[in-house]
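# no sequence on this one, just coordinates:
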């Protein structure tokens, strides 16, 4: 690098020296060292033409300056005279001017006074050397005579060192100067154009200045480059290279412009010769031609010197930029390799199970891809460094060590990775060995548990059972752990304390199983021997019956038929002495069988999870990605364009969560399935992404219905070889979120008393909570007409459909009577702070467009309501009213259980408010005790306020924060018509499904069929819209709820019965026939509406509970059955 720097300095010095030489040469050519005036500066003076150079020469090469006849010569100023003569004497070459000038003064038409004045001016201020002065004196007789006489007397006044010759005619002039050197005015043959001469001189001098300025600029630029230090950053180096390149390009352009200008000037000077080859240039023209050629030569030299230097300088900057890139990449790669080495150290675990070890190995494999990419990058960078060195880079001594370090670090990382992979493979080998042994033991225990007791009592049965055990032991093969010492020796590198304990545990478990086999074999051998008396089998203990795993139906049949085999030894009448040992063995077998069942449930969870992930990937790759494939774009209809997010929702997000996170974490619990509840609890927040998917599902279904027959979907299905269409796979996420609660229930059933049982219960409750929240939120987003913010009403506690009557306590009696016969169907939403009454509306259209919405009708603030638990003696009705009781809402639930659940929830809300008010009252006025006013018998009124106006008034006074007539400290509640308060622990039946809307293609939904509405705006309970929507017509219907015995003659109908409406009678009565019981009779239309709801065919589904556990029916185009979300079928 030092040698390179020295070479660089020499190159810069050489450039500067050559440019200085060019500048000096130009000064010499143009005689700029004497600083003469330029033609461009004195052009007006030159154009007066009182003196000029003709280009002629004397016999000895003296330049000729002609002073032509110029009547106004006396008016020429001294400055003008000096400038012109100084310039004219600087034009000829130095060799010519050294000989001296010949002056030809033409005064033939003038007087002697003019001659004398001219000579005096010349003698006083001529700037050059003179050789001869020739004067053409006046031609008139008088002036010529005066000239001769006065010249002799005044000769001494001129003070000229050269002879002044007075000539009488041009012919005498020719004897001193050849005619070819004189212009035509003086009788010569030389052609002269004064304007052309001025133009040439101006162009030549301008060109000379351009050449000089270019050389000086390049000299300055070279000095700047020499003083520039190489940057240490890529950005700065790139900017410097760009700046220098821009300057160089500009200077290169200026040089080209100057060359072009010089070439044109040369052509102009050569124009007479080009026009007439016989033309002879005068001496001035030849000198001009030589001057331009010399300037062009100097310009070429300047360009060549700069180009040579620029190549070196550009190479230096480019190599500097390459070095900076190499150094930055080197730092990045070294840091990356260091990070990967540190992360590789973290792969020190051997796993707690085969799945965990496989998971670690998969992570290591994925990590290996990153390592390989980094190693490839390091290798490429090393090769790049070698190429820089081969290309004679100036920083070779800096690049070489870095390349060596890259290779060393890469080799170390690569060898460590290979060692780590071998380490994990060894651990996986031992894990799978233990897994096979554990499975072999489990299957052996299962075999013991599945052998039938009754058949083993006979000689033949015992022989068969004994042979079955022998075969099982003979087929152990590599599944059996043989020697612990051999395992310790072979797997010493991977055995940590936990791993040793795991091996010992499996080995002990195997020994226990073999001991059980030995005992069973002894028993069977005794039974197989000749029996001396009959054996009476003993009935099995009930707790010994163990249910088989879901995924093994064949084993289930065996266990259900012969569950008493666990206590086999106890039933043998010949083994009475082993009764105590048999009981202990039975308990051990029961625990082992429960563990087997848990493991099978876990296997089902993992297998279905993996299949689910694969199905999602298949949909995303086979359908979603194809929507972005240009080759498939012509098959996509316009309605489907740019609608991928609508069709698939957040399926991509769901896939990534299950693939990258949930499945891997589930696999960690393969060997401890009873603890899998913890995994669900840790990821419960992430599982809420299904809410977004379910919200979008109606829109997706609508889009699918529009485009299901398009060629795009058919082509994708053909490529995937799917039997079912895309709509079936779009239901997979909905099915999956419902499947989890089934699996958790099964796991909880087999994990009683285990460490993770509590976590399983909490996880199950949380999953059900998610399903309910999804369903509730889908109902909430369908509410229209509510002007406030629903989020300000607090948490949604309950929602469901009811029949509602409104009584106006201060109204006319007829209004009260009408209220009894005109129930309104309202959907109620119970929030923490308000109760909303909404009206359900079915929209016209297909799919999503047919989904119901809820029109807001009325709301009651929960801080100003009261309710009566039992209304009108009907155990399905209750009353709720505002504090003024001017309007009372009679609410009828679909069943007594739903009514009880709602009453309990309302009571809980009001009780919470009461306790909060009591605490606030005690804090504000601890010394005051207030009493509630007497509460009417049979009502519950827990509202702490009568009206909001009174509260504000109390707040303004501040002397009495809570009025005594508003608040009571007595917690006692009086409930009408109920000997005991309802059980608050009653399980709330709410609708947890996300299918609150109709119109899904493959699934018919029957949620909240007993829709309920309420409106405080209607003075009467009649609702024209209800009458239009709920108008009955003759036909067959399926009952959606149980009927209550009404007026005499009304028939009894149960939920699910097929009823036929025969004819309509008077007073809104219908003649009805129950096709299930063959009973018939008259029923009120209002009761029929409540019973059949919106049933439209004999295949209607039922909603058994008010808050709606919906059931899904199977569509003919999708050969799958989808269970409701709150209680899905396995």
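Structure received. Nothing here was measured: the structure is a model prediction, and the numbers come from that model.

# let me see the contact set for residue 300.
Applying CB atoms under 8 Å, 6 or more residues apart in numbering to residue 300 gives the contacts residue 259. Every C-beta, even on glycine, is put in place using the N, C-alpha and C of the backbone.

# and it, what element?
Using DSSP states H and E, residue 300 maps to helix 283-345.

# what distance separates that helix from the middle of the whole chain?
The chain centroid and the centroid of helix 283-345 are separated by 42 Å, computed with CA atoms, centre = their mean, to the nearest Å.

# now do stretch 95-106
Centre-to-centre, stretch 95-106 and its host chain are 90 Å apart (CA atoms, centre = their mean).

# same deal with stretch 373-390?
Counting by CA atoms, centre = their mean, stretch 373-390 is centred 32 Å from the centre of its parent chain.

# name the residues of that stretch that are buried.
Neighbour counts using 16 or more other CB atoms under 10 Å place 374, 375, 377, 378, 381, 382, 384, 385, 388 of stretch 373-390 among the buried residues.

# contacting residues around residue 715?
632, 635.

# can you classify residue 224 by secondary structure?
helix (DSSP: H, G, I helix; E, B strand; the rest coil).

# neighbours of it, how many?
11 (other CB atoms under 10 Å).

# then the one 10 residues further on?
The tally of other residues near residue 234 (other CB under 10 Å) stands at 16.

# from what I can see it touches residue 329, true?
No. Between residue 234 and residue 329 there is no contact under CB atoms under 8 Å: 10.0 Å.

# quick revisit: which one of the buried residues of stretch 373-390 is nearest residue 680?
Distances from residue 680 to the buried residues of stretch 373-390, taken as CB to CB, are shortest for residue 374 (37.0 Å).

# residue ranges of the strands in the stretch 101-250 of the chain, please?
For the stretch 101-250 of the chain, the strands identified by DSSP state E, counting those that start in this stretch occupy 101-106, 130-136, 164-167, in order along the chain.

# so which bits of the shortest one are buried?
Residues of strand 164-167 classed as buried by neighbour count (16+ other CB under 10 Å): 164, 166, 167.

# residue contacts, the most centrally placed residue in the chain?
Geometric centre of the chain, nearest residue: residue 653, 11.4 Å, by CA atoms, centre = their mean. Contacts of residue 653 were listed using CB under 8 Å, 6+ apart, and they are 689, 692.

# quick one: pLDDT of it?
Residue 653 is assigned 94 on the pLDDT scale.

# distance check, it against residue 720.
Here residue 653 is placed at a distance of 22 Å from residue 720 (CB to CB, to the nearest Å).

# got it, and residue 911?
57 Å.

# one more: residue 1072?
The spacing between residue 1072 and residue 720, counted by CB to CB, is 51 Å.

# neighbour count for those two, which is higher?
Remark: of residue 1072 and residue 720, residue 1072 carries more neighbours, 24 against 16, as counted by other CB under 10 Å.

# quick one: low-confidence parts of the stretch 1001-1130 of the chain?
1001-1031, 1044-1050, 1066-1067, 1093-1130 (pLDDT under 70).

# no, scratch that, I was asking about the stretch 551-700 of the chain
For the stretch 551-700 of the chain, the stretches with pLDDT under 70 are 551-590.

# got the contact list for residue 400?
When contacts are counted by CB under 8 Å, 6+ apart, residue 400 touches 385, 389.

# before we move on, the earlier item: am I right that the residue nearest to the centre of the chain is in a helix?
Yes. Residue 653 forms part of a helix when assessed by three-state DSSP.

# lowest-pLDDT helix or strand in this protein?
Within the chain, no helix or strand scores below strand 1112-1114, which has a mean of 30 by mean pLDDT, DSSP states H and E.

# where does the residue nearest to residue 892 when sequence neighbours are not counted sit: helix, strand or coil?
Of all residues not flanking residue 892 in the chain, residue 803 sits nearest, at 4.2 Å (CB to CB, 6 or more residues apart in numbering). For residue 803, the secondary structure call by three-state DSSP comes out as strand.

# count of residues packed around residue 803?
By other CB under 10 Å, 24 other residues sit near residue 803.

# ok, now residue 620?
Residue 620: 17 neighbours (other CB under 10 Å).

# so who does it touch?
For residue 620, the contacting residues are 648, 651, 652, 655, by CB under 8 Å, 6+ apart.

# got a list of what the second one touches?
What that stands for is residue 651. Here residue 651 is in contact with 616, 619, 620, 624, 693, 730, 733 (CB under 8 Å, 6+ apart).

# for the fifth one, pull up the helix or strand it's in.
Put plainly, it is residue 693. Taking DSSP H and E as the criterion, residue 693 maps to helix 689-707.

# ok, and the closest non-adjacent residue to residue 403?
residue 385 (4.1 Å).

# for the stretch 101-250 of the chain, give me the ranges with low pLDDT.
By pLDDT under 70, the low-scoring segments of the stretch 101-250 of the chain are 141-144, 146-161.

# all helices for it, in order.
Using DSSP state H, counting those that start in this stretch, the helices of the stretch 101-250 of the chain run over 112-125, 141-158, 170-174, 194-227, 234-269.

# from the chain's centre, how far out does the third one sit?
Pointing back at helix 170-174 there. 102 Å.

# which parts of that helix are buried?
Those would be 170, 173, 174, for helix 170-174 by 16+ other CB under 10 Å.
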